[in-house]
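S.K.: fold the following, please.
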Amino acid sequence: MPSAAFGPADYQVFDVKGFEPRMAQLRTRVRPKLETLGRSLAPTLARSVGAETFAHVARHARRTVNPPEDTWVAFGPDARGYKKHCHFKVAVSRHCVRFLFEVGPEHADKARWAVAWKKNAGNLTPVLRRMKDLAWFKNEHDEAPAAALGDMSSEDVIALADDVGRRRDGQLVLGRAVAAEDAARWSEAKYREAALTTFRALAPLYRLRV
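M.R.: Okay, here's the model as predicted:
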């Protein structure tokens, strides 16, 4: 079984030019590590959120021309897929690894989830802001966060869900990014620790009921 630790060469896969050459490198070098990480994290994550959790590694099946700028393993409550549900994600790209919670554009009931967030945000916001480095990302594929949660007012954090249900492509993405040059030196255990620490901090959002 391959290690789930991503080294410098794994991040450099995103420098490979061309769709087929990059996809070949992703399939042979990066995807096996994401699969290992998914198998390793899913049982522990399930205990943390109190529900069965399934790992899904990105296949990029819809892409035929433009090579992906990032790839990931996502964790959700459905064995058939994760996009229609709130989910966690470990995403690897050229300059960083990100540990994320997402309500994505394809969530089955974004508007009702946004209402639940608004209703509970007064209690959840202080909890989320306790963890250092948690941030808001405008888009799930962005490497750099738009703002640190600790630098935002409570009102601004609560308002992050405004566009989730109002826009077809609305999404909410929270988490943390670690620079590739730092994460490339990590052991497999360190990747697991970073993922679980972040996901546990964000678990109250995952458990929100619409």
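
S.K.: any weak-confidence spans in this structure?
M.R.: Flagging of the chain using pLDDT under 70 yields the residue ranges 1, 210.

S.K.: so where do the helices sit in it?
M.R.: Read by DSSP state H, the chain holds these helices, from start to end of the chain: 8-11, 19-25, 31-49, 110-128, 154-158, 162-166, 180-183, 188-206.

S.K.: redo the ones you listed as JSON lines? Include mean neighbour count.
M.R.: For glycine as for every other residue, the C-beta is placed from the backbone atoms N, C-alpha and C. Putting the helices of the chain into JSON lines (neighbours: other C-beta atoms under 10 Å) gives the following:
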{"stretch": "helix 8-11", "mean neighbour count": "16"}
{"stretch": "helix 19-25", "mean neighbour count": "16"}
{"stretch": "helix 31-49", "mean neighbour count": "18"}
{"stretch": "helix 110-128", "mean neighbour count": "16"}
{"stretch": "helix 154-158", "mean neighbour count": "15"}
{"stretch": "helix 162-166", "mean neighbour count": "16"}
{"stretch": "helix 180-183", "mean neighbour count": "16"}
{"stretch": "helix 188-206", "mean neighbour count": "19"}
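
S.K.: which one of those helices lies nearest to His95?
M.R.: The stretch from the helices of the chain with the least distance to His95 (C-beta to C-beta) is helix 180-183; that distance is 5.3 Å.

S.K.: now do the closest one: distance to the chain's middle.
M.R.: With C-alpha atoms, centre = their mean, to the nearest Å as the basis, the distance from the averaged C-alpha position of helix 180-183 to the chain average is 17 Å.

S.K.: give the other helices and strands that that helix contacts.
M.R.: The elements that helix 180-183 packs onto, with contact taken as 3 or more C-beta pairs under 8 Å, 6 or more residues apart in numbering; DSSP states H and E, are strand 96-103.

S.K.: now do 6 Å
M.R.: Packed against helix 180-183 by the contact rule (3 or more C-beta pairs under 6 Å, 6 or more residues apart in numbering; DSSP states H and E) you find no helix or strand.

S.K.: adding distance to Arg59, write the helices of the chain out as CSV.
M.R.: Rendered in CSV, the data for those read as follows (distance: least, C-beta to C-beta, whole Å):
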stretch, distance to Arg59
helix 8-11, 18
helix 19-25, 10
helix 31-49, 8
helix 110-128, 24
helix 154-158, 33
helix 162-166, 26
helix 180-183, 23
helix 188-206, 21
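
S.K.: quick one: which of these is nearest Phe101?
M.R.: Distances from Phe101 to each of the helices of the chain were compared using C-beta to C-beta; the minimum, 4.0 Å, belongs to helix 188-206.

S.K.: off-centre distance for that closest one?
M.R.: For helix 188-206, the separation from the chain centroid amounts to 10 Å (computed by C-alpha atoms, centre = their mean).

S.K.: what's in contact with that helix?
M.R.: 3-5, 41, 45, 48-49, 86, 88, 90, 99, 101, 124, 131, 175-176 (C-beta atoms under 6 Å, 6 or more residues apart in numbering).

S.K.: and which of the residues you listed is nearest Ser153?
M.R.: Checking the contacts of helix 188-206 one by one against Ser153 (C-beta to C-beta), the nearest turns out to be Leu124, at 14.8 Å.

S.K.: still on that earlier bit, can you name the two of the contacts of helix 188-206 that are farthest apart?
M.R.: Greatest spacing in those, by C-beta to C-beta: Ser3 and Leu124 (35.0 Å).
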